[in-house]
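In: Sequence plus the predicted model coming up.
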Amino acid sequence: MKYIKNIKDFDLEKWWKSFSKKIEKEDLIILFTIFLFGLINYFYFLGHTVLTPDGLTYGPIYKSGGWEFDLGRPLLLIIDRLRGGLVSSPIILFFSFIYLSISTMILRRIYPIKSKFTIFLVSLLVVLFPVFSESSLFIYCFDSYCLSFLCSILGIYFIKNKKYLFSILSIIISLSLYQAYISVTITGLLLLFIIDILDKKQSLKDFIIQMIIVFIGLVSYFALLKIGMLVLGRNLAEYKGASSFGIHTILSLPKSILNSYSDFYSYFLLDNIIFNHYYYRFIINLVIFVLMLGILYPIFRNLNIYQKTLLIISLLSLPITINIMDLIACDTSINLVTAIGFIMFYLLFIILMEKYPTIPIIKTLSALFIMILCYTHLLSNNGTFQSRVDTYNNYYAQSSYILNRVKNLDGYQKDLPWSFNNIIMYKSPNLKASNGYLAKDYETFTGYLGVSETEVFYRRFLGEEITIVPEERYREITKKEEYQSMKTGDIKIIDGVIIIKVSDDDL
């Protein structure tokens, strides 16, 4: 912006020429890879109705409000309004790809990533990473999550370049969009420290200063959030541990640290956070661990005792920084949407593969297994999308059948309220080939909240306005003999309420 002396002197054409000179060929590789493989990854998603219970509730036009503010994500309100609340998958994906592309461009400037092939691998890792595909199922805020990722990367970039005020601002913005992405900033700085140790130019003092800056960013975010809450007379929500940060967090540290190691183990080798066994991803991860040790061992031998100690401590700290949300929100646990920190582990592996000399077979196998890993991500991402479409199709078919039967009931009137004895439950046969997290959800939430969501589904997809009775009214009806004589599949009008029994088990 050196051309701006005052607002009247701004020349857009000169600014664009100056900006264009900073774009390098490697950046074009990133842009091309992310948009090409992004389109491949989300092609099925764009052509089908892919909904989670949240996506069903919030609909095609949604502007964040008090709930998101109470979750500590106030900037979601601004991002939503910048697109008028329109939940358009192509538009949101376009901006998300832009944010992911810029993030990757900054990553290659932060770390020693020079080879065009390595840049391609990093771009592939980013655009196909399951956390982003899983987050895209919350399509109404997916662009905000990707922007949070970008700001978390900017936090690393500015700290590395000692522009601490900008880094604090970036951290605050990232946290204000989605708190889980702080793991990217903290782990990214740890990666820089590990690389410095391997290069024998480590500075523990600099790393401590960097962590202090991150802490200032965190405290500033919570302070500003608390001020906003006081001004608006609101309170942080209990959901996902949003309100648990404080003394309780400190007292829970021993347990939280153990949980971070447990989650680290689970992500790579079990099916708790992401399904690993169907595509033998646990074997791929084990091979990557072995290859990483193969790269590190020759370097480790040439370090002095102090450097070896720092390296071991830093590597052992990776599970903690990757799963930092286990420590910050100690009343919750890592799931596939909050597991973004794991992308930094694979990034470390790619950096080690490129930067440090090793025997050719290790370098070749390292690149090969990262590509295989990314391929399994592409498959399981689309397995998730297909599972969600299957769940939607089943729900649509059953709802259409129920609606037809209700309209043919003796005594049916359009203004009669409805109730179901349970939600419609269905598990897709594609579930085993998915990422496993959101693919396991039903079309609606569980409990009576899920029954209430039926109103939204009928209005959006069947063009029918129905009203679900309050839960208390439903409970009264379940005590009546007429209801208790109903079998699964029966539909009756009891006390002026249309009752549909979809399950043997009542709510």
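Out: It's in.
In: per-residue pLDDT, residue 486?
Out: Residue 486 carries a pLDDT value of 97.
In: Which helix or strand contains it?
Out: Counting by DSSP states H and E, no helix or strand carries residue 486.
In: what about it, how many neighbours?
Out: 17 (other Cβ atoms under 10 Å). C-betas here are computed from N, CA, C, even on glycine.
In: Report the contact partners of it.
Out: For residue 486, the contacting residues are 492, 499, 501, by Cβ atoms under 8 Å, 6 or more residues apart in numbering.
In: Which of these sits closest to residue 343?
Out: Taking Cβ to Cβ as the measure, residue 343 sits nearest to residue 501 out of those, at 45.8 Å.
In: From the contacts of residue 486, which land in strands?
Out: Of the positions in the contacts of residue 486, 492, 499 sit in strands, assigned by DSSP state E.
In: Return the closest of the contacts of residue 486 with respect to residue 427.
Out: residue 501 (20.3 Å).
In: wait, what's in contact with the closest one?
Out: Taking Cβ under 8 Å, 6+ apart, we find residue 501 in contact with 420-421, 486-491.
In: List buried members of those by neighbour count.
Out: Taking 16 or more other Cβ atoms under 10 Å as the criterion, what is buried in these is 420-421, 486, 491.
In: for the stretch 1-150 of the chain, which spans come out with low pLDDT?
Out: Within the stretch 1-150 of the chain, the segments meeting pLDDT under 70 span 1-9.
In: Now do the same contact list for residue 63.
Out: 77, 80-81, 85.
In: From residue 151, how far off is the residue nearest to it when sequence neighbours are not counted?
Out: Using Cβ to Cβ, 6 or more residues apart in numbering and skipping residues adjacent in sequence, the residue nearest residue 63 is residue 85, 4.0 Å away. Per Cβ to Cβ, to the nearest Å, residue 85 is found 22 Å from residue 151.
In: swap in residue 233?
Out: Remark: distance between residue 233 and residue 151 (Cβ to Cβ) = 28 Å.
In: Going by how many neighbours each has, rank those two and give me the top one.
Out: Taking other Cβ under 10 Å, residue 233 and residue 151 do not tie; residue 151 has more neighbours (25 against 6).
In: The more buried one touches residue 168, doesn't it?
Out: No. Using Cβ atoms under 8 Å, residue 151 is not in contact with residue 168; the gap is 11.3 Å.
In: so where does residue 54 fall, helix or strand?
Out: Assigned by DSSP H and E, residue 54 falls within helix 53-58.
In: Which residues does the helix or strand that that helix is followed by contact?
Out: Going down the chain from helix 53-58, the next helix or strand is helix 66-70, by DSSP H and E. Outside helix 66-70, the residues that touch it by Cβ under 8 Å, 6+ apart are 74, 76-77, 228, 232, 234-237, 242.
In: sorry, back to before: off-centre distance for the helix holding residue 54?
Out: Taking Cα atoms, centre = their mean, to the nearest Å, one finds helix 53-58 lying 16 Å from the centre of the chain it belongs to.
In: quick revisit: can the buried ones among the contacts of residue 501 go into JSON lines with extra columns for distance to residue 103?
Out: Listed next are these as JSON lines, based on distance: Cβ to Cβ, whole Å:
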{"residue": "420", "distance to residue 103": "44"}
{"residue": "421", "distance to residue 103": "47"}
{"residue": "486", "distance to residue 103": "55"}
{"residue": "491", "distance to residue 103": "52"}
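In: quick check, nearest of the residues you listed to residue 287?
Out: Nearest to residue 287 among the buried ones among the contacts of residue 501: residue 420, at 48.2 Å, using Cβ to Cβ.
In: isn't that closest one right next to residue 498, touching?
Out: No. Checked against Cβ under 8 Å, the pair residue 420 and residue 498 is beyond contact range at 9.5 Å.
In: ok, which pair from the buried ones among the contacts of residue 501 is furthest apart?
Out: Among these, 420 and 486 lie farthest apart (Cβ to Cβ), at 11.8 Å.
In: where do the contact lists of these two overlap?
Out: Residues touching both residue 420 and residue 486 (Cβ under 8 Å, 6+ apart) are 499, 501.
In: Excluding sequence neighbours, find me the nearest residue to residue 379.
Out: That would be residue 279: by Cβ to Cβ, 6+ apart, it lies 6.3 Å from residue 379.
In: what's downstream of the longest helix along the chain, the next helix or strand?
Out: Using DSSP state H to define each element, the chain has its longest helix at helix 360-407. Heading C-terminal from helix 360-407, the first helix or strand you meet, by DSSP H and E, is strand 418-420.
In: can you map out the strands along the chain?
Out: For the chain, the strands defined by DSSP E cover 418-420, 491-494, 497-500.
In: Would you check the distance separating the shortest one from the middle of the chain?
Out: How far strand 418-420 lies from its chain's middle: 34 Å, per Cα atoms, centre = their mean.
In: what do you get for stretch 303-322?
Out: That offset, for stretch 303-322, works out to 28 Å (Cα atoms, centre = their mean).
In: what does stretch 354-374 give?
Out: 27 Å.
In: contacts for that stretch?
Out: 112-115, 117-118, 121, 124-125, 128, 195, 198, 281, 284-285, 287-288, 291, 294-295, 298-299, 346, 349-350, 353.
In: List the buried residues for it?
Out: Those would be 354-356, 358, 363, 365-367, 369-370, 372-374, for stretch 354-374 by 16+ other Cβ under 10 Å.
In: Quick one: residues contacting residue 275.
Out: With contact set as Cβ under 8 Å, 6+ apart, residue 275 has these partners: 281, 380, 432, 434-436.
In: Helices of the stretch 401-507 of the chain, residue ranges please.
Out: Ranges of helices in the stretch 401-507 of the chain, per DSSP state H, counting those that start in this stretch, are 447-452, 454-461, 471-478, 481-484.
In: And for the stretch 251-400 of the chain?
Out: In the stretch 251-400 of the chain, the helices defined using DSSP H, counting those that start in this stretch lie at 253-269, 281-301, 305-322, 325-328, 342-355, 360-407.
In: pLDDT averaged over the last one, what's the number?
Out: Here the mean pLDDT over helix 360-407 is 98, rounded to a whole number.
In: The shortest one now?
Out: Mean pLDDT, computed over helix 325-328, is 93.
In: can you put the contacts of residue 486 in TSV and add pLDDT?
Out: Shown next, in TSV, are the contacts of residue 486 (pLDDT from 0 to 100):
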residue	pLDDT
492	97
499	98
501	98
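In: So which of the contacts of residue 486 is the closest to residue 253?
Out: Residue 253 lies nearest to residue 501 out of those, by Cβ to Cβ, at 48.9 Å.
In: From residue 484, how far out is that closest one?
Out: From residue 501 to residue 484 the distance is 11 Å (Cβ to Cβ).
In: same thing with residue 49?
Out: Distance check for residue 49 against residue 484: by Cβ to Cβ, it reads 37 Å.
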